[in-house]
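S.K.: here are the coordinates; sequence isn't available:
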């Protein structure tokens, strides 16, 4: 399945790489409706492809399922994916989370504990600094569509031998991560033996998803946020940012980085 | 109000620009609870600052209010903003939008029509190509925090004389746009005489917000998506992408660009 369409453009200045000057490869964005037992749970704007994994990863990282074994079947058709389960879980999306005293970062983190998220083990994963620096190039090389559209985020799951086990792309960075985590759940790979690399920034949402999946390290080509750092710290994760130009910063969990 | 915190880091390789090697400026991300008449409407992860504008812009671009004059008062305190209105509108967020036959891009666009969004006039705004090319530099120059944190999206509202009237930054690109639109609504500026420039990509969500506000042109430093192009076309907007390196593409509405 192609993840882009050729659309007509009027270019000013030189033609962009991957464009013939009159058309441009434009990344596909379409809504996906996620259903459990035919009941609408959520709609996300995504790039079509790996929709079963996206739904599985989304339900898991949002705390609606505790594992892939709760799912009887997942069927994707067009812009709809239906997840069959024994029982439909009570849906309490974060959107409707309320608090008499206002919300704060601490409550967002507590919400993850309530959803069953646990701190990562300290000794399951480590990586050499020099090896870590090479991973973005591996991800980029495996990322087929970005070069053509400039419009896709990538997320990749690497093991401690730096093998890229799963890579997914999407117009939404959270979807790329949900697709990887959905793939991870369905693969039988062990989350605590892997790191997740994302092509963009590390926001709270991405750290939250990695934490829910039990992945002990998140590395980002871009910047982290304060709440991302705080969340990674609380779940004993390693968070690396600005992994580019032969350098990176470790914001928490530096003991997993070997010199 | 500062939009970043200095957090300790362990750097590998050269210190990042703006960092002293042991700490790094990290962009603040915290939840904001948006309430109408003390009722929780939504929670968004945002960078604190201009919260009243963010709430106003969010309610408007989501179709919950038709104008700033429906709002009696907006009060921000900590991570909560309360909007006082005569009546609390019925809340039907897109999250719960359902359809018997699945969803598609066309329905997402129809949803905007239902929310009162109208096609833009053809003749209210135009800009010279050479002038358009200079706008990202103006935005970047006015963007105080990005250089320091690398973690903020910017959105800027320009008039046809290329004056930057409103600029807002946020960890979330949709929030930066909501802050600009909230500021626009409160300023009395005329949307149809302006263009919106965003520092990142142009997704459906951003085109939707510009369309709801009646801004006839969206220019993005990054890539558009197919649904962004289709939505801009349907609302008679101009959509420019890849506005960088002395070039850009017009995906629809090229008649507003003068050579």
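M.R.: Received, thanks. This structure is a prediction, so every number in the text was calculated from the model and none was measured.
S.K.: so how far is stretch A:32-46 off the chain centroid?
M.R.: 18 Å (Cα atoms, centre = their mean, to the nearest Å).
S.K.: which parts of that stretch are buried?
M.R.: For stretch A:32-46, a neighbour-count test (16 or more other Cβ atoms under 10 Å in any protein chain shown) marks A:32-36, A:40-46 as buried. For every residue, glycine as well, the C-beta is placed using N, CA and C.
S.K.: what sits up against stretch A:76-90?
M.R.: By Cβ atoms under 8 Å, 6 or more residues apart in numbering or on different chains, the residues outside stretch A:76-90 that reach it are A:30-39, A:48, A:51-52, A:54-56, A:59, A:64-65, A:70-75, B:102-104.
S.K.: which of the residues you listed are buried, as a PyMOL select command?
M.R.: Of the contacts of stretch A:76-90, the buried ones can be selected in PyMOL as follows, counting by 16+ other Cβ under 10 Å:
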select buried, (chain A and resi 30+31+32+33+34+35+36+48+51+52+54+55+56+59+64+65+71+74) or (chain B and resi 102+103+104)
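S.K.: strands - which of the contacts of stretch A:76-90 land there?
M.R.: Using DSSP state E, A:30-36, A:39, A:71-75 are the members of those that sit in strands.
S.K.: tell me which of those residues is nearest to residue B:209?
M.R.: Within the ones in strands among the contacts of stretch A:76-90, the smallest distance to residue B:209 is 16.3 Å, found for residue A:31 (Cβ to Cβ).
S.K.: does the closest one touch residue B:108 like I think?
M.R.: Yes - between residue A:31 and residue B:108 there is a contact under Cβ atoms under 8 Å: 5.6 Å.
S.K.: can you list residues touching both of the two?
M.R.: Joint contacts of residue A:31 and residue B:108 (Cβ under 8 Å, 6+ apart) are residue A:45.
S.K.: for residue A:201, what are its contacts?
M.R.: Counting by Cβ under 8 Å, 6+ apart, residue A:201 touches A:173, A:220, A:222-225, B:151, B:171.
S.K.: which one (most neighbours) among those?
M.R.: In terms of neighbour count, residue A:224 stands highest of the contacts of residue A:201 at 34 neighbours, by other Cβ atoms under 10 Å in any protein chain shown.
S.K.: domain map for chain A?
M.R.: What automatic domain parsing lists as the domains of chain A is A:30-106, A:127-258.
S.K.: tell me the most buried of the ones you listed?
M.R.: A comparison of these by mean neighbour count, using mean count of other Cβ atoms under 10 Å in any protein chain shown, puts domain A:127-258 on top with a mean of 22.
S.K.: can you pull the contacts of the residue of the stretch 1-150 of chain A found nearest chain B?
M.R.: Nearest residue of the stretch 1-150 of chain A to chain B: residue A:13, at 2.8 Å (Cβ to the nearest Cβ). Listed by Cβ under 8 Å, 6+ apart, the contact set of residue A:13 reads B:133, B:245-248.
S.K.: so which of those residues sit within strands?
M.R.: Cross-referencing these against strands under DSSP E gives B:247-248.
S.K.: for the stretch 51-200 of chain A, give me the ranges with low pLDDT.
M.R.: Applying pLDDT under 70 to the stretch 51-200 of chain A flags the ranges A:91-104, A:145-148.
S.K.: ok, which stretches of it are strands?
M.R.: A:71-77, A:80-85, A:127-128, A:153-159, A:164-170, A:194-198 (DSSP state E, counting those that start in this stretch).
S.K.: run through who's touching the third one.
M.R.: The contact list for strand A:127-128, computed with Cβ under 8 Å, 6+ apart, reads A:160, A:162, A:195, A:217, A:256-259.
S.K.: residue nearest the centroid of chain A?
M.R.: For chain A, the residue nearest the mean C-alpha position is residue A:177 (1.3 Å; Cα atoms, centre = their mean).
S.K.: distance check, that one against residue A:171.
M.R.: 13 Å (Cβ to Cβ, to the nearest Å).
S.K.: ends of stretch A:233-249, how far apart?
M.R.: Taking Cα to Cα, to the nearest Å, stretch A:233-249 runs 15 Å from one end to the other.
S.K.: ok, and does it reach over to chain B?
M.R.: Yes - contact of stretch A:233-249 with chain B (Cβ under 8 Å from any Cβ of the partner chain) involves A:241-242, A:245-249.
S.K.: nearest to chain B, of the residues you listed?
M.R.: Out of these, the member with the shortest distance to chain B (by Cβ to the nearest Cβ) is residue A:247, at 2.9 Å.
S.K.: and the closest one, what does it touch?
M.R.: Contacts of residue A:247 by Cβ under 8 Å, 6+ apart are A:133, B:11-14, B:16.
S.K.: of the residues you listed, which one scores lowest on pLDDT?
M.R.: In terms of pLDDT, the weakest of the contacts of residue A:247 is residue B:16, which scores 70.
S.K.: pull the most distant pair out of the buried residues of stretch A:32-46.
M.R.: A:36 and A:45, at 19.5 Å, using Cβ to Cβ across the buried residues of stretch A:32-46.
S.K.: okay if I get the residues of stretch A:233-249 next to chain B as a markdown table plus pLDDT?
M.R.: Output for the residues of stretch A:233-249 next to chain B, formatted as a markdown table (pLDDT from 0 to 100):
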| residue | pLDDT |
| --- | --- |
| A:241 | 96 |
| A:242 | 94 |
| A:245 | 86 |
| A:246 | 84 |
| A:247 | 90 |
| A:248 | 94 |
| A:249 | 95 |
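S.K.: I'd like these as a markdown table, with distance to residue A:24 appended.
M.R.: Formatted as a markdown table, those follow (distance: Cβ to Cβ, whole Å):
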| residue | distance to residue A:24 |
| --- | --- |
| A:241 | 31 |
| A:242 | 30 |
| A:245 | 28 |
| A:246 | 32 |
| A:247 | 33 |
| A:248 | 33 |
| A:249 | 35 |
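S.K.: max pairwise distance over the residues you listed: which two?
M.R.: By the measure Cβ to Cβ, A:241 and A:246 form the most distant pair in these, at 14.5 Å.
S.K.: any idea which of the strands of the stretch 51-200 of chain A gets closest to residue A:209?
M.R.: So among the strands of the stretch 51-200 of chain A, strand A:194-198 is nearest, using Cβ to Cβ, at 8.5 Å.
S.K.: which helices and strands does the following helix or strand past the closest one pack with?
M.R.: Next helix or strand after strand A:194-198 toward the C-terminus (DSSP states H and E): helix A:204-213. Here helix A:204-213 touches helix A:51-61, helix A:105-114, helix A:173-187, strand A:217-220, helix A:226-234, going by 3 or more Cβ pairs under 8 Å, 6 or more residues apart in numbering or on different chains; DSSP states H and E.
S.K.: which of the contacts of residue A:247 fall within helices?
M.R.: Members of the contacts of residue A:247 lying in helices (criterion: DSSP state H): residue A:133.
S.K.: just the closest of the contacts of residue A:247 to residue B:204, please.
M.R.: Looking across the contacts of residue A:247 and measuring by Cβ to Cβ, the closest to residue B:204 is residue B:16, at 32.8 Å.
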